[in-house]
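In: this one's structure only:
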């Protein structure tokens, strides 16, 4: 009896904490209340371990110190922010104003970009740029495997380091654990490549006492000499992606950029590096900008659990509401907050041609099922949904009215919204947006259209399963 009373008392305390916790979506509050009340003991332990975004005091202090330093640099005279006025068209300027308010990066003109072919050619292009580096190379990936492509990039960094180029490689401690524990990682260090792990876990039992263990650095960044950068969804691995080979190939999109946005991406890398390593990279970031004559405006967008609250869903919703004619989105994981789901439905209802492309088979069964719980409302509003069939569509892309594109690492799910550090680039350029739009059309050509009648005909058991998982979507 005493145990039961104690258990009930702890449940009440945790439910109250869930309710009064700041910066929490009502759906997330409801989901955690269900978990705490419906799953005795385990539900309470789950909330204590992963229910709150806690970085730990020491890491939070380092983050704010580094962020303050880099934000001041971005706003300094001559850095480029002063050149932002007039860089973008007046009707899309509010979109860039929003991203700047979130990440401090102003839209700067003078960029050019090339959409890389799928798969291995992207890695080959990265290797070629590393081989051409003169001063420094910065590489950061969530997942970097010691497979064929992972070894290619590692060998290129080893060659560059041996000829005197300063090379830094940063990987997520969990996502790239196979590389970090491999002989390849050791060889990189022996050759002079400077190595670091983002968000190291260490002893899991001690780590959960300091801060939340599942906060991850999900970014994919390559920067060469402050001049070239890559941004998109591709990790440093083979498309076969051996850890989850049965979902292969993994289909990604990366853009190679030249111009001022490369230095903005370098700032994002530097912020991650300086949080893990006691090394000041600000002198690198003060170098003169590389500007492409006649190039388009672009801005890097960095988000994460220590940044502006609800930054990514706010960006997604704003871009969706801005659409006037056409909106095409591809994402592997769709568990939106209410604002993003409502934005899609609203856009379709007001006559925008809205297309959403998702994978037919998801590597996370729970996320795949929860995603389909949103289909009926999207289809009723007029959104066209396609499910990509040959492999796992991993590309995170958004094209807006044939002029504006957002590409990067952020998914439309709760992890990207609340727990992951993400990097994206927003740009205005009809030509490059057309290239991305044609790639999206290629996805549609390899996909099956989801019809409203099909969804309406799903069995009671399937609808129950999908909707039940959607209820706990905020904790997936």
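Out: Alright, I've got the coordinates. On a predicted model such as this, the values are computed, not experimentally measured, just so you know.

In: I'd like the next helix or strand past the least confident helix or strand in the chain by mean pLDDT.
Out: Lowest mean confidence among the helices and strands of the chain (mean pLDDT, DSSP states H and E): helix 204-210, at a mean of 64. Following helix 204-210 in sequence order, the next helix or strand is strand 216-217 (DSSP states H and E).

In: Flag the shaky bits of the stretch 351-476 of the chain, pLDDT-wise.
Out: Residue ranges of the stretch 351-476 of the chain with pLDDT under 70: 473-476.

In: can you tell me how far the nearest residue to residue 165 once chain neighbours are set aside sits from residue 440?
Out: Nearest residue to residue 165, sequence neighbours excluded (CB to CB, 6 or more residues apart in numbering): residue 133, at 4.8 Å. All C-beta atoms are positioned from the backbone trio N, CA, C, and that covers glycine. In this view, residue 133 and residue 440 are 32 Å apart by CB to CB, to the nearest Å.

In: What of residue 234?
Out: Residue 234 is 16 Å from residue 440, by CB to CB.

In: Which one's more surrounded, these two?
Out: residue 234 (26 against 22; other CB atoms under 10 Å).

In: and the more buried one, that's in a helix?
Out: No: secondary structure of residue 234 (DSSP: H, G, I helix; E, B strand; the rest coil): coil, not part of a helix.

In: Now do the contacts for it.
Out: Residues near residue 234 by CB atoms under 8 Å, 6 or more residues apart in numbering: 122, 123, 220, 252, 253, 254, 394.

In: Show the low-confidence segments of the chain, by residue range.
Out: Ranges of the chain meeting pLDDT under 70: 3, 7, 23-25, 48-61, 63-64, 68, 74-86, 203-211, 473-476.

In: Domains in it, by residue range?
Out: Under the assignment automatic domain parsing, the domains of the chain span 2-50, 57-90+106-296, 311-475.

In: which residues touch residue 318?
Out: Contacts for residue 318 (CB under 8 Å, 6+ apart) come out as 94, 95, 98.

In: Helix or strand: which one has residue 357?
Out: strand 353-359.

In: The stretch 51-200 of the chain: strands as residue ranges?
Out: 108-115, 136-141, 166-172, 194-198 (DSSP state E, counting those that start in this stretch).

In: quick one, which of these is packed in tightest?
Out: strand 136-141 (a mean of 25; mean count of other CB atoms under 10 Å).

In: Partner strands of that one, with direction?
Out: strand 166-172 (parallel), strand 220-224 (antiparallel) (DSSP bridges).

In: And those: which comes nearest residue 243?
Out: strand 166-172 (13.8 Å; CB to CB).

In: tell me what the strand holding residue 357 is packed against?
Out: Other helices and strands packing on strand 353-359, by 3 or more CB pairs under 8 Å, 6 or more residues apart in numbering; DSSP states H and E, are strand 326-330, helix 338-349, strand 384-388, strand 392-393, helix 430-445.

In: let's go with 10 Å and repeat that
Out: Judged by 3 or more CB pairs under 10 Å, 6 or more residues apart in numbering; DSSP states H and E, strand 353-359 is in contact with strand 326-330, helix 338-349, helix 365-372, helix 375-381, strand 384-388, strand 392-393, helix 430-445, strand 447-450.

In: Which parts of the third one count as buried, going by neighbours?
Out: This points to helix 365-372. With burial defined by 16 or more other CB atoms under 10 Å, the residues of helix 365-372 counted as buried are 367, 368, 369, 370, 371, 372.

In: Show the contacting residues for the closest residue to the first one other than its chain neighbours.
Out: Which is residue 367. Once flanking residues are discounted, residue 367 sits nearest to residue 333: 5.2 Å by CB to CB, 6+ apart. By CB atoms under 10 Å, 6 or more residues apart in numbering, residue 333 lies in contact with 358-359, 362-364, 367-368, 370-371, 394, 396, 411-416, 476.

In: quick one: which two of the contacts of residue 234 are the most distant?
Out: The most widely separated members of the contacts of residue 234, counting by CB to CB, are 123 and 394 (14.6 Å).

In: These two: which is more packed in?
Out: Set residue 123 next to residue 394 and count neighbours by other CB under 10 Å: residue 394 wins out with 25 against 22.

In: Start and end of stretch 399-411, how far apart?
Out: 15 Å (CA to CA, to the nearest Å).

In: Hmm, residue 230 and residue 409 touching each other?
Out: No: in this structure, residue 409 is not within contact of residue 230 by CB atoms under 10 Å, at 11.3 Å.

In: Between the two, which contacts overlap?
Out: 220, 221.

In: coming back round to it: just so I know, which of the domains of the chain lies nearest residue 303?
Out: domain 311-475 (4.3 Å).

In: From the chain's centroid, how far away is that closest one?
Out: 14 Å (CA atoms, centre = their mean, to the nearest Å).

In: How about stretch 281-294?
Out: 24 Å.

In: follow-up on the earlier one: dump the buried residues of helix 365-372 to a markdown table, plus distance to residue 242.
Out: Compiled in a markdown table, those are given as follows (distance: CB to CB, whole Å):
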| residue | distance to residue 242 |
| --- | --- |
| 367 | 21 |
| 368 | 21 |
| 369 | 25 |
| 370 | 26 |
| 371 | 25 |
| 372 | 28 |
